[in-house]
Every structure is written in structure tokens, then in C-alpha cells.
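Enquirer: Build me a structure from this.
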Amino acid sequence: MLYFLDSVIVKERLAKFDREVSIGFGRKKVDFALMVKSESDFQRFWIEIKHWLIGYQKGTFWYATSYFADSSSVGTKPDVEKLTDIREEGTFLLILATANPGEKDWSSGIRKFNTKFQPLWVKSLTNLSDFPQSYFLGLLSIPARV
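Expert: Residues are numbered from 1 along each chain as shown. Next comes the predicted model:
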């Protein structure tokens, strides 16, 4: 990820990026803050990253739905809460899943999260069929709290 961000800066599409950026709420930090150039302005994007193992781990089979429904630091809830507190547009959760969870599991997990943890809400921006069975890079948009 850092290699990608460095190479994009060289090509002048990305103005700046910082990692482990304080969001002003105690010790809370977000993994990446990106400043992206537009035609006449800059826009900041906040990105939190996660890794999920889909399959057997220590005798338990993990599904995407398992992670979406988990309110501990293993799941998505604490990250979505933190990103929602930023109160700006442009907040995202980027999930590297090894392996690809499949459309049914991914969609079911998103529905479960949006129901179980409302008013928190996530929207998937990535198509699972664009990825092989071995991995998936899921980008979730988090709406700003008003």
C-alpha cells in the first residue's frame, strides 16, 4: 500500500498522504489520510484498513458475515464508528480478504451490519467478480454523520 501511494505521488495524482493520522478524539487515529488533486481543489480521503481471513482459522470457520457482525476490534464496528466521527465526506474502510468471500456472504454481511449496528451504515463499492478466489479487496464507503 505504501509503495502504491509513493508511486502515485510521483505521478502527481496524489498531493500527499499521511499514515496513522490523529482525528482529534483522544488517541484515535486513522490508518491513512490522502489529499487528492481535483481540477481546482484538493479533497481529503480517510482510509482505515483491515485484513480478514476467510476460511478456517484456529478451528473456526470465518465468513465475511462473521466479521461484519462482530462488535469487537476483530469486526468492522469500531472502525466504522471511528470513521463516522470524522464528520467529513470521503471516509472508507478497505478490507483485504483472503480468500474471496463470494457475493452471497459479502452482501449478507453488509445487510447484517447495517441492520445490527444502525444508525451506522456501510456501502460496498467493489465488485467481487473482479477478483480471483484467492483474495478480495473490498472498499466500503462510510457516510459522514450530520
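Enquirer: Helix, strand or coil: sort out the residue most central in space within the chain for me.
Expert: Of all residues in the chain, the one closest to the mean position by C-alpha atoms, centre = their mean is Leu93, 1.2 Å from it. The three-state label given to Leu93 by DSSP: H, G, I helix; E, B strand; the rest coil is strand.
Enquirer: could you pull out the strands for this structure?
Expert: Ranges of strands within the chain are 14-22, 29-37, 42-53, 55-57, 60-62, 91-98, 123-124, 136-142, based on DSSP state E.
Enquirer: nearest to Asn114, of the ones you listed?
Expert: Closest approach to Asn114 among these is made by strand 123-124 (8.7 Å; C-beta to C-beta). C-beta coordinates here come from the backbone N, C-alpha and C atoms, glycine included.
Enquirer: packing partners for that closest one?
Expert: Using 3 or more C-beta pairs under 8 Å, 6 or more residues apart in numbering; DSSP states H and E, the elements in contact with strand 123-124 are helix 103-116, strand 136-142.
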